[in-house]
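**Q** requesting a structural model of the entry that follows:
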Amino acid sequence: MDFLPSIHKEGYIFILIFLAVTILFSVFSDKLAIIGIILTLWCIYFFRNPERIVPIGDNLIISPADGVVQKIEAVEPPVNLDMGKNLRVRVSIFLNVFNVHVNRIPATGTIKKLYYHPGKFFNASLDKASIYNERQEASMIMKGGEEIAFSQIAGLIARRIVCDLEEKQKVESGERFGIIRFGSRMDVYLPENVQPLVTVGQTMIGGETVIADLDNKEGRKGEVR
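**A** From the prediction side, this is the model:
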């Protein structure tokens, strides 16, 4: 049935819970039942898992998430991924509770290292979220040999990060690999000396928006802080 939205597997249990509560509400009050229906529809909407048209090119780095570019800055890569201390451009994408939360691989290549950090739940829009919040970090080697990294970061409301990746796994750009529940952030660390093609405040479409092109050495240098 094409008219029904595709739902991520993590969403089914929550949708069933919302439906059960809605049925319970309906016993006591029509108004409560309406509230329950609205919340159930929102839950279905939150866990939607749409198809995307992925740009073709082994030189492209694609947005791993829907959301808005919150910050672009030159920082050291995550220490636990053993990528050295040379500065790299980090593009931070903030996801609100209305964005698609299914995460996608930003480039074609091989997963090099994974590191899970149990942590706090500061607002994902804060700078310290990249350091202190619960997060799943991953580094990968692109087809051309360039190394990049990306990180799923839990937010103030998010309480579960799902990552289906394994080390040495071969992956394709735009491929789904996980989800963060209920408001979060994704960080992408570009290869050294590569500039982003996106700007702060830009709306990103996971699996479609091009963050960087390794064949384009200029990018938008004025955006890097």
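
**Q** in terms of helices and strands, where is the residue nearest to Cys43 when sequence neighbours are not counted?
**A** Once flanking residues are discounted, Cys43 sits nearest to Phe18: 4.7 Å by CB to CB, 6 or more residues apart in numbering. For glycine as for every other residue, the C-beta is placed from the backbone atoms N, C-alpha and C. Per DSSP states H and E, Phe18 falls inside helix 12-28.

**Q** give me the contact list for that helix.
**A** If you take CB atoms under 8 Å, 6 or more residues apart in numbering as the criterion, helix 12-28 is touched by 7, 32-33, 35-37, 39-40, 43-44, 47.

**Q** now with 6 Å?
**A** 32-33, 36-37, 39-40, 43-44 (CB atoms under 6 Å, 6 or more residues apart in numbering).

**Q** so which of those residues sit within helices?
**A** Of those, the ones assigned to helices by DSSP state H are 32-33, 36-37, 39-40, 43-44.

**Q** which pLDDT value goes with Asp66?
**A** Asp66 carries a pLDDT value of 94.

**Q** sorry, that was for Pro78
**A** 92.

**Q** what about it, neighbour count?
**A** Using other CB atoms under 10 Å, Pro78 is surrounded by 23 other residues.

**Q** which residues touch the residue nearest to it when sequence neighbours are not counted?
**A** Of all residues not flanking Pro78 in the chain, Glu137 sits nearest, at 4.8 Å (CB to CB, 6+ apart). With contact set as CB under 6 Å, 6+ apart, Glu137 has these partners: 78, 81, 115, 151.

**Q** separation between the residue nearest the centre of the chain and Ile23?
**A** Nearest to the mean C-alpha position of the chain, counting by CA atoms, centre = their mean, stands Ala65 at 3.9 Å. Ala65 is 33 Å from Ile23, where distance means CB to CB, to the nearest Å.

**Q** circling back to that earlier point, turn the contacts of Glu137 into a markdown table, including distance to Phe14.
**A** Supplementary listing: the contacts of Glu137 in a markdown table, determined by distance: CB to CB, whole Å:
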| residue | distance to Phe14 |
| --- | --- |
| Pro78 | 30 |
| Leu81 | 31 |
| Tyr115 | 27 |
| Ser151 | 24 |
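
**Q** rewinding a little: isn't the residue nearest to the centre of the chain right up against Ser92?
**A** No. With contacts counted by CB atoms under 6 Å, Ala65 stays clear of Ser92, the gap being 10.4 Å.

**Q** just grab the bridge partners of Arg176 for me.
**A** Arg104 (DSSP bridges).

**Q** ditto for the one 4 residues further on
**A** Per DSSP bridges, residues listed as beta-bridge partners of Ile180: Ile161.

**Q** heads up, I number from 554, so please use that
**A** Will do, 554 is the new start, and the previous item becomes Ile733.

**Q** neighbours around it, how many?
**A** For Ile733, using other CB under 10 Å, the count is 28.

**Q** same thing with Ile625?
**A** 24.
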